[in-house]
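In: the following block contains a protein sequence and its predicted model.
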Amino acid sequence: MHDDTSLTVGRAKRVLTERVAPAIYSAASPLQVDAHVLPGEPVPVAEGLALDYEPFEVGSTWGPAWGTTWFRLTGTVPSDWAGRRVEARVDLGFDINMPGFQCEALVYRADGTPVKSINPRNQWIPIADAAEGGEPVELFLEAASNPVLLDYHPFLPTQEGDIETSSPEPLYRTRRMELAVFEPEVFELSLDLQVLCELQAELPETGPRRMRILQALDNALDRLDLQRIVATASDARAELRDVLASPAEASSHRIAAIGHAHIDSAWLWPVRETIRKVARTTSSMTELIENDPDFLYGMSSAQQYAWIKEHRPEVYARVKDAVVAGRFLPLGGMWVESDTVMPTGESLVRQFSYGQRFFETEFGIRSTGVWLPDSFGYSPALPQLMRRAGFEWFFTQKISWNQRNVFPHHSFLWEGIDGSRMFTHFPPMDTYNSQLSGEEVAKSTRQFRENRVASQSIAPVGWGDGGGGTTREMTGKARRLANLEGSARVEWQHPDAFFDAAKAELADPAVWVGELYLELHRGTLTSQHATKSGNRHAEQALIEAELWAATAAVREGFAYPYDELDRLWKLLLLQQFHDILPGTSIAWVHREAAATFAGIIDDARDIADEARRVLAGEGDREIVFSPASVAGPVPLGAAAATASGPAVSLTERDGGYVLANDRVTVTVSPEGLITSAVDAATGRDAIAPDEAANLFQLHQDFPNMWDAWDIDRFYRNRVDDLRAVESLSARIVEGRAEVTLERRFSESSLRQTISLAPDAATVVLRTEIDWHETEKLLKLAFPLDVQATHSEAETQFGFHARPTHVNTSWEAAKFETSMHRFVLVREPDFGVALVNDSIYGYDTTRDSTDAGVTTTVRLSLLRAPRFPDPDTDHGRHVITAGLVVGATPESATAEGIALNAPETVVTGARDVEPLVAVSAEGVIVSSVKLADDRSGDLIVRIYESRGRRAAGTLDVGCAHRSIREVSLIEDEIPDARTGAAFALTPFEVRTFRIVR
């Protein structure tokens, strides 16, 4: 036979697009449209329904950026449509390629009952399955005119990302608002054709299965009268019946499909719009659940459920019913899908505890696994935290975005820094927004790395990011792909069931050790410094508020502010969403985040201040409260202020200055650079010979795409060393030696104070920067005389070691990496650390000369991308860092904590003994609080910080009946260890309940 493949495929695609799809609706009748444009923010539904409406002509423009227009649609079902399925079709000016990224609406009936949402890929509204002629129709649409920011030419700077700067001009033009007769048989034919066209494209070119599908398509199209589609659709479908009924091979890959929308809690829209996106998406998903008995929908983020409970209770009622029915599945067990690289360990614990508590309170269930499809890399501390919070599996797909290296597994065990392992799955489909296309389904089979020993993977199905979710077209495809020759088999399945089956068939899964580093989006460690600084300070403020409130509650009967602390933690956890904390949202989001962080910090400090006053009592002594377990006159307690150590000296030398105490001598050049930092104990100079540290470096920073997200490696090819200094002066202030310098560069300026305190091994660098750059990256470089094979950067509850070499493509890809409060490079007997109060990104390089090896560590301070916020980071920033000379893991940890948790002086009458103390080196008290169950029990969390075994005792400073270990989220543990003695393995985290 001649090869007519291209002819058949071209014929099928054109008929489907130009004849069958338009015939899904066979008759139409226009609706009467009235509208009301809100002048400001959205209003409650009841208020929207009661607005005064004015006539609106279809074809007119509507909707300025971020506006809300309420439409009222009225009409009557024509009498000759009786018994037919009738739907409303509404096109608000949609672009079918932009679901979730442009205008959308939630549809209500006149009584306030939600119907479903409409968006570019879901433009229909159900009226009646069997309509009655003359039946009246009245619908209300709350329409959001959200601007398209990620357009066909993406990443262009725009002022539309903030309501304060966006245009008031209408963005959209309505095209259609009508009643129409829906033809189910034509709709089913369209899906038959689509599934078979997509399937044949993935089959062997001349294989018999493909040939028989092509012949069936030709036969079907021969039976289809293109002028009588409705009348002949059944005849055409009959020709396709056999090829659609042919069962899948016994060895075919199995896909566990789950309805999904991945609604970003903020990104290219503000939080207030996310609240409405969640309501819109969940209303459509409950409608789909009601009409498809097999469909399952999964949604993460307890915060999103809480939003609709508060703001759209009428939608939440339907969601709750669907959860009870086992069809709407709360996933992930977290408050939001957070970033996992930058939050503290305590913040991740609270993500789990608040998420699981909400799901249990509202639905009586707990999530079994952690669902994080889109965060920008995953901390190596996470496996332990998930296990100790009671989770059994982990899901993501983001690592498939790697620029260079292809991850070698899809189902595997992920091992963290403490040795904990978590069963993990990446979908080989490489998406969390599957449409169940033939290409995606075939990709799952083709790419699955465990094909030798396993047979199944997950597919999150639905339009996502901006919401929308699964469509009836997707569920129709799933029915056809359930058991279809040549395709993987698709079944709607709870992720728990998938993971149970995957574990059962993978008896000896591969193991990946260490971080899941995303070889992309490295700029997220630096973009929007104000957001990152606010996060760091808010986290610490809440930990201190809990510590002092718990201490005052136990000691003085202080009323522990449970509700207020819950409120503040939930606000903080929202800001740690993976597009807020990483700095990749629109200006509106980051403006609100800065205000939210400021409010959290103020309110948490008010709690701490009040508790400290109660503890100190009335008096005139200066009492020093120490919020850390590794610093202060009384760690985790308070005592009278003591005199500082031996005095520092400050001398002028060769136009610069020398600062010295009994532990370190620091030389500052006339350019304000640190040319020497000698450790008194060893005589070692931390600074490499003929090099200068504290060097600000300005790079051009214009990545190929994803401006706020990415730093591309070629940024290093162009750099300006900022050596010119406008002024340099020095003085002794309150016992500290200080050198102050000022620099101007490009469009910006900075003022820096270099200080050394008595008995300190840390040189503190406080820098105020007035930043007005465009597409630039500011680094602070420290060339160190240390031959380090690894850098050791703090992560949650420990640190993570990364090679300083680039032997393989995996190391070469890590040219920008993450840290928390410190990064340390060391030889066996000498090390240098850099500590900070608001920095998360750094890079490390090694150079070798005859004089030895220089390890250069550079802190990433500020960026200036122009998308999605065209004025990213413009303004004033204060960044404090410290150079720790002669550092070890213990001292780096202690200095990092001390910089971020400074002591507070209160005037009072008495010292305060700590509620808890630990008698073991390297063991840190992470949290002291009252139990979430409000029993009054004390919760104490500790961790081993050095990567070594430790043993000791938990010393409790109050009357108590028992001490027992509980989970991270304060659940009871079977056969829990009891008593005050403990033994920790490297980086182990333990949580204790002390029953008073």
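Out: Ah, there it is.

In: part of a helix, is Gln194?
Out: Yes. With DSSP: H, G, I helix; E, B strand; the rest coil as the criterion, Gln194 is located in a helix.

In: which elements pack onto the helix-or-strand element of the chain with minimal mean pLDDT?
Out: When the helices and strands of the chain are compared on mean pLDDT, DSSP states H and E, strand 638-640 comes out lowest with a mean of 93. When contacts are defined as 3 or more CB pairs under 8 Å, 6 or more residues apart in numbering; DSSP states H and E, strand 638-640 packs onto helix 587-616, strand 621-625. Quick note: C-beta positions are derived from backbone N, CA and C, even for glycine.

In: residue contacts, the residue nearest the centre of the chain?
Out: The residue lying closest to the centre of the chain (CA atoms, centre = their mean) is His578, at 2.0 Å. His578 makes contacts with Asp264, Glu337, Ser338, Asp339, Leu372, Asp374, Ser375, Phe376, as judged by CB atoms under 8 Å, 6 or more residues apart in numbering.

In: over to Ser457?
Out: Contacts for Ser457 (CB under 8 Å, 6+ apart) come out as His253, Arg254, Ile255, Ala256, His410, Ser411, His425, Pro427, Pro428, Met429, Ser444, Phe448.

In: where does pLDDT dip in the protein?
Out: Scanning the chain for pLDDT under 70 picks out 644-645.

In: redo that, cut-off 90
Out: 1-3, 467, 630-634, 641-647, 850-851, 919 (pLDDT under 90).

In: all helices of the stretch 351-500 of the chain, in order?
Out: According to DSSP state H, counting those that start in this stretch, the stretch 351-500 of the chain carries its helices in the segments 382-388, 438-447, 472-480, 495-505.

In: where exactly do the strands run in the stretch 301-450 of the chain?
Out: Assigned by DSSP state E, counting those that start in this stretch, the strands in the stretch 301-450 of the chain fall at 328-330, 369-371, 393-395, 411-415, 421-425.

In: off-centre distance for the third one?
Out: Which is strand 393-395. Distance of strand 393-395 from the chain centroid (CA atoms, centre = their mean, to the nearest Å) equals 15 Å.

In: do the same with the fourth one
Out: In this view, strand 411-415 has its centroid 21 Å away from the chain centroid, taken as CA atoms, centre = their mean.

In: show me what that strand is packed against.
Out: Counting contacts by 3+ CB pairs under 8 Å, 6+ apart, strand 411-415 is packed against helix 382-388, strand 421-425, strand 511-513.

In: what count of nearby residues applies to the residue nearest to Asp937 when sequence neighbours are not counted?
Out: Excluding the flanking residues, the one nearest Asp937 by CB to CB, 6 or more residues apart in numbering is Ala931, at 4.3 Å. For Ala931, the neighbour count with other CB atoms under 10 Å is 19.

In: check whether Ala931 really touches Val940, as I assumed.
Out: No. Contact criterion CB atoms under 8 Å: Ala931 and Val940 do not qualify, at 10.5 Å.

In: which stretches of the stretch 151-300 of the chain form helices?
Out: Under DSSP H, counting those that start in this stretch, the stretch 151-300 of the chain gives helices at 184-200, 208-223, 229-245, 271-291.

In: of those, flag the one that's most buried.
Out: Highest mean neighbour count among these (mean count of other CB atoms under 10 Å): helix 271-291, with a mean of 24.

In: who does it touch, helix- and strand-wise?
Out: If you count contacts as 3+ CB pairs under 8 Å, 6+ apart, helix 271-291 packs onto strand 104-109, strand 114-118, strand 136-145, strand 297-299, helix 302-311, helix 313-324, strand 328-330, helix 472-480.

In: now do it and strand 104-109, the angle between them.
Out: 60 degrees (axes from the mean of the first three to the mean of the last three CA atoms, to 10 degrees).

In: send the alpha carbons of helix 271-291 over as PDB?
Out: Provided in PDB are the C-alpha atoms of helix 271-291 (Å, rounded to 0.1, in the frame of the first residue of the first chain):
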ATOM      1  CA  VAL A 271      -2.900  37.300  47.600                       C
ATOM      2  CA  ARG A 272      -6.300  38.800  47.400                       C
ATOM      3  CA  GLU A 273      -6.600  37.500  43.900                       C
ATOM      4  CA  THR A 274      -5.400  34.100  44.900                       C
ATOM      5  CA  ILE A 275      -8.300  33.800  47.400                       C
ATOM      6  CA  ARG A 276     -10.700  34.300  44.400                       C
ATOM      7  CA  LYS A 277      -8.600  31.900  42.200                       C
ATOM      8  CA  VAL A 278      -9.000  29.200  44.800                       C
ATOM      9  CA  ALA A 279     -12.800  29.800  45.000                       C
ATOM     10  CA  ARG A 280     -13.100  29.700  41.200                       C
ATOM     11  CA  THR A 281     -11.000  26.500  40.800                       C
ATOM     12  CA  THR A 282     -12.600  24.600  43.600                       C
ATOM     13  CA  SER A 283     -16.100  25.400  42.400                       C
ATOM     14  CA  SER A 284     -15.300  24.000  39.000                       C
ATOM     15  CA  MET A 285     -13.700  20.900  40.600                       C
ATOM     16  CA  THR A 286     -16.600  20.100  42.800                       C
ATOM     17  CA  GLU A 287     -18.900  20.500  39.700                       C
ATOM     18  CA  LEU A 288     -16.700  18.000  37.800                       C
ATOM     19  CA  ILE A 289     -16.700  15.600  40.800                       C
ATOM     20  CA  GLU A 290     -20.500  15.700  40.900                       C
ATOM     21  CA  ASN A 291     -20.700  14.800  37.200                       C
END
